[in-house]
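Asks: whatever this is, show me its structure:
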Amino acid sequence: MSDVLIIARLALQEAVRRRVLTVVAVLTLASSVLYLVGCLSLKHHVGGLLETETLKPIVPATLLGLASFSTLFLGSVLAVFLTASAVRGDADRGLVQPLVVRPVGRGVYLAGRVLAASVVSGGYVLIVSVASIVTTRAVFSNLPPSAWQVIPRLVAGAIVVTALTLLVSCMFSTVATGISVLMAYGAGLIAGLLGEIGKQLGATTLTHIAKVVSWALPFEAMYRDALAKLSPGGPLGALVQLGPLGGASGGGVWLWVYAAAYVVGCGALASNIFGRADL
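Replies: As a prediction, this is how the structure comes out:
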């Protein structure tokens, strides 16, 4: 375990040396300020309407739905960039070989890299999500009852992206890994949007495709489950059922079980591929 922590620490130090975390912190601060300005501007222009019983729970839920989408997206991009070069990219530069021969093995190296990326991306999603919820609560004085339950689902989504990126990085170069995972991320969210459209139009084919993609890429299912926690009750709750890309859909406890198995499976497959690779 100590070797895993050492590899993780080295990966974090490399990210700090390249000023990746500094750039992320500055851009996150700017986006948080923009979100606050947007909330204040919205309250200023439509403040009277927000006091009605029908719209009062809708506005903060919608804003948090938008914030959830952007937070998961930024956290996933961060995970991809931290993990894309974990195997083939660093191997091509000759950085992996001295580590996996002695003193640590290939499995330990993979565990350390995925641990570092998961801590950074998951921590990023956690911090930004808490900031978004606190900001929304301060401006609008009310939140959806299950708003705080969104956070673990978004964190889990970022960890799933990290594990998937690690697996792909065992097979492709850094650039190819980044492109393929980001395209898969976009495809997953677009499939969720098409599934919601198919649900509204009664198109069973689109709905089935969305379900298949949600299980093939469970970060999308986690995002839809998070949206479900924000959807208020009543007839107007349908107004926030549709996020920027993807509709709300509860996953239940089996989604968590499957997501955990998915992450473990990606790690096991990555370890198998990396163990047989000729470095």
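
Asks: only C-alpha atoms for contact and neighbour calcs from this point on.
Replies: Fine.

Asks: and the residue most central in space within the chain, what element?
Replies: What sits nearest the mean C-alpha location of the chain, by CA atoms, centre = their mean, is Ala158, with 3.2 Å. According to DSSP states H and E, Ala158 maps onto helix 150-169.

Asks: after that helix comes which helix or strand?
Replies: With DSSP H and E, the next secondary element past helix 150-169 is helix 174-201.

Asks: which strands and helices sit next to that next one?
Replies: The elements that helix 174-201 packs onto, with contact taken as 3 or more CA pairs under 8 Å, 6 or more residues apart in numbering; DSSP states H and E, are helix 58-83, helix 150-169, helix 204-216, helix 218-230.

Asks: make TSV out of those helices and add mean pLDDT and distance to Gly122.
Replies: Below are the helices and strands packed on helix 174-201 laid out as TSV (pLDDT from 0 to 100; distance: least, CA to CA, whole Å):
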stretch	mean pLDDT	distance to Gly122
helix 58-83	83	7
helix 150-169	92	5
helix 204-216	81	20
helix 218-230	85	13
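
Asks: out of those helices, nearest to Leu110?
Replies: Distance to Leu110, taken as CA to CA, is lowest for helix 150-169 among these, at 7.9 Å.

Asks: so where's the chain shaky on pLDDT?
Replies: Within the chain, the stretches with pLDDT under 70 are 1, 3, 10-11, 14-16, 18, 46-57, 85-104, 232-248, 277-279.

Asks: returning to that earlier point: got CSV for the helices and strands packed on helix 174-201, with distance to Ile127 too?
Replies: Formatted as CSV, the helices and strands packed on helix 174-201 follow (distance: least, CA to CA, whole Å):
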stretch, distance to Ile127
helix 58-83, 10
helix 150-169, 9
helix 204-216, 25
helix 218-230, 16
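
Asks: chain center to stretch 212-228: distance?
Replies: Between the centre of stretch 212-228 and the centre of its host chain there is 10 Å, according to CA atoms, centre = their mean, to the nearest Å.

Asks: list the buried ones in it?
Replies: 213-215, 217-228 (16 or more other CA atoms under 10 Å).
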